[in-house]
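Undergrad: turn this into a structure:
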Amino acid sequence: MKIGILTFHNSPSHGAFLQAYAFSIYLKSLGHDVEVIDYMPDYRKERINKVLGRSWSWKHFGMNRGNLKMNTLIGMINKKAWYKEQKHYLPLFNRRYNNLFELKNDPPNLDVCFLGSDQIWNIENTGGQYDGAYFGDFGSSKMLRIAYAASFGKKNFQGDTEQLKHYLSLIDRISVREKSAVKIIQSISPIKAEHVVDPTFLITQNEYPQTPIKIPPKEYLLVYLISQNPEALNIANSISKKLKIPIINANSIKYSLKHPLRLTPGQWISIFRSARYIVTDSFHGIAFSIIFQKDFTAVKLTGRISDRATRLVELLQMIGLMDRFAENGSDENISYYTSTPIDWYIPNKKLDQLISKSKKYIYQYIYINNCNIFAFDVFCRWSI
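TA: As a prediction, this is how the structure comes out:
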């Protein structure tokens, strides 16, 4: 079966890249011909150039931007390394689509198109309005359109209600990453939406790419932050001192204090895999802490993206790890996090159930007409 994936594969976010990678690997494991649709509208290009086109982390960690020439050089190195891994790891469609018109005019020939995962329905990420491409507003009427783990990114609905209702009606089956998104859809449409896990949980930890990277300390605390949060850094410093291990910044390689290089996705995976402890405010930072079974502390998002914290909290609630969410860096909290390793038995059991349910969702809508229910259940038990 020919399957396409339309998501934020070209996002300058490690989590976005890796969820696209994981989903393509999982669908390939089912025996399908899978390609990621290379959709790159102007609002995505601007975002990528803004992030990859400059040295990283000076904003988050107080690093000096340095002179313009060096900053431009580092930006070029960042882009080259990032796109090299994208080309190597993602099965991209053989042409790029620069806008919805091109996608409608010459669509890929697909049996199924999966829409998602990631925040494809967050209008802050799609130029301030919903983009029909991420609702399957293209292609043959015979193409099956399935939303998988799509996210609004927030607890509350934004945008044009009627436009959203119209776009949702184009999709044959809908699943979302957060339970809050189920409620959003229920509030505006009679369409049923199911709750599933992020694609990063669909494959095993050994299936993720690794790019070698030199990390001097044998043990270290990894910090991965996507918001400017001084309290998070205070928590990380306190845990670091308590455990007597140094801090490594997952946002960059210290090429120099002034001009850090951004980690590629493969390098990012490597330092998560080797970390002793992780402090993060990122959904995928938490996800990979769970995937690699690392002790971690989740901290709240701050600033302009503070309203996106719902996705972090829901993930922790789903598997019973809300005790790892730190409201503050009190001595009591720090003592608890450094003296109480995570007991993974119950969280893993809950997560396995959610993964099984999510795999059934995928399987039933692309196979149910060709298989009996017994074979369907056997497959889902075997696949996790």
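
Undergrad: what's the neighbour count on residue 356?
TA: Residues lying near residue 356 (other C-beta atoms under 10 Å) number 16. In short, each C-beta sits where N, CA and C put it, glycine included.

Undergrad: distance of it from residue 9?
TA: 26 Å (C-beta to C-beta, to the nearest Å).

Undergrad: how about residue 123?
TA: Applying C-beta to C-beta, the value for residue 123 to residue 9 is 19 Å.

Undergrad: more neighbours, the two?
TA: Legend: neighbour count by other C-beta under 10 Å for residue 123 and residue 9, higher for residue 9 (24 against 19).

Undergrad: so, low pLDDT: which residues of the stretch 251-384 of the chain?
TA: The stretch 251-384 of the chain contains residues with pLDDT under 70 at 252-261, 302-309, 368-384.

Undergrad: tell me if residue 145 really is in a helix.
TA: No: under DSSP: H, G, I helix; E, B strand; the rest coil, residue 145 sits outside any helix and is assigned strand.

Undergrad: for it, which non-adjacent residue is closest in space?
TA: Leaving out its chain neighbours, the residue that sits closest to residue 145 by C-beta to C-beta, 6 or more residues apart in numbering is residue 136, at 3.6 Å.

Undergrad: wait, that neighbour touches residue 115, no?
TA: Yes: between residue 136 and residue 115 there is a contact under C-beta atoms under 8 Å: 5.7 Å.

Undergrad: these two: which has the busier surroundings?
TA: The neighbour comparison of residue 136 against residue 115 (other C-beta under 10 Å) goes to residue 115, with 26 against 21.

Undergrad: so where do the strands sit in the stretch 201-350 of the chain?
TA: Secondary structure of the stretch 201-350 of the chain (DSSP state E, counting those that start in this stretch): strands at 221-224, 247-249, 252-253, 261-262, 277-280, 295-299, 325-326.

Undergrad: dump those to CSV, plus mean neighbour count.
TA: CSV is the format used below for the strands of the stretch 201-350 of the chain (neighbours: other C-beta atoms under 10 Å):
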stretch, mean neighbour count
strand 221-224, 26
strand 247-249, 19
strand 252-253, 20
strand 261-262, 22
strand 277-280, 26
strand 295-299, 25
strand 325-326, 18
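
Undergrad: now distance to residue 351 too, for the ones you listed, in TSV please.
TA: As requested, those are exported to TSV (distance: least, C-beta to C-beta, whole Å):
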stretch	distance to residue 351
strand 221-224	20
strand 247-249	26
strand 252-253	30
strand 261-262	30
strand 277-280	17
strand 295-299	15
strand 325-326	17
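
Undergrad: so what sits against both of residue 136 and residue 115?
TA: Jointly contacting residue 136 and residue 115 under the rule C-beta atoms under 8 Å, 6 or more residues apart in numbering are 6, 145, 171.

Undergrad: top of the residues you listed by number of neighbours, please.
TA: Of the shared contacts of residue 136 and residue 115, residue 6 is surrounded by the most neighbours, 28 neighbours in total, counting by other C-beta under 10 Å.

Undergrad: and residue 7, what does it touch?
TA: By C-beta under 8 Å, 6+ apart, the neighbours of residue 7 are 16, 19, 20, 23, 36, 114, 115, 116, 117, 118, 120.

Undergrad: oh sorry, the question was meant for residue 24
TA: So residue 24 contacts 5, 34, 36, 90, 91 (C-beta under 8 Å, 6+ apart).

Undergrad: could you count how many residues lie near the first one?
TA: Meaning residue 5. Close neighbours of residue 5, defined as other C-beta under 10 Å, add up to 26.

Undergrad: that one: what's it in contact with?
TA: Contact analysis of residue 5 by C-beta under 8 Å, 6+ apart lists 20, 23, 24, 27, 34, 35, 36, 37, 113, 114.

Undergrad: can you do 10 Å?
TA: 19-20, 23-24, 27, 34-37, 90-91, 93, 110, 112-117, 148, 199 (C-beta atoms under 10 Å, 6 or more residues apart in numbering).

Undergrad: can you report phi and psi for it?
TA: Note on residue 5: its backbone torsions stand at phi -120, psi 130 [degrees, to the nearest 10].

Undergrad: ok, what's across the strand from it?
TA: Beta-bridge partners of residue 5, counted by DSSP bridges, are residue 36, residue 114.

Undergrad: where's it relative to residue 93, distance?
TA: Taking C-beta to C-beta, one finds residue 5 at 9 Å from residue 93.

Undergrad: who touches both of the two?
TA: What both residue 5 and residue 93 touch, as defined by C-beta under 10 Å, 6+ apart, is the set 35, 36, 37, 110.

Undergrad: let me have those in JSON lines, extended by distance to residue 289.
TA: Converted to JSON lines, the shared contacts of residue 5 and residue 93 look like this (distance: C-beta to C-beta, whole Å):
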{"residue": "35", "distance to residue 289": "30"}
{"residue": "36", "distance to residue 289": "26"}
{"residue": "37", "distance to residue 289": "30"}
{"residue": "110", "distance to residue 289": "34"}
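
Undergrad: just these now: which is nearest residue 317?
TA: Lowest distance from residue 317 to these (C-beta to C-beta) belongs to residue 36, with 30.6 Å.

Undergrad: wait, isn't that closest one in contact with residue 22?
TA: No: between residue 36 and residue 22 no contact is recorded; they are 11.7 Å apart, counting by C-beta atoms under 10 Å.

Undergrad: quick one: neighbours of residue 156, just the number.
TA: Neighbour count for residue 156, taken as other C-beta under 10 Å: 10.

Undergrad: can you check residue 317 too?
TA: Look at residue 317: counted by other C-beta under 10 Å, it has 12 neighbours.

Undergrad: one more: residue 207?
TA: So residue 207, with other C-beta under 10 Å, has 12 neighbours.

Undergrad: and for residue 42?
TA: 10.

Undergrad: just list the residues touching it, thanks.
TA: By C-beta under 10 Å, 6+ apart, residue 42 lies in contact with 98, 99, 127.

Undergrad: could you dump the residues you listed into JSON lines and include secondary structure?
TA: JSON lines is the format used below for these (three-state DSSP):
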{"residue": "98", "secondary structure": "coil"}
{"residue": "99", "secondary structure": "coil"}
{"residue": "127", "secondary structure": "coil"}
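
Undergrad: sounds good, over and out.
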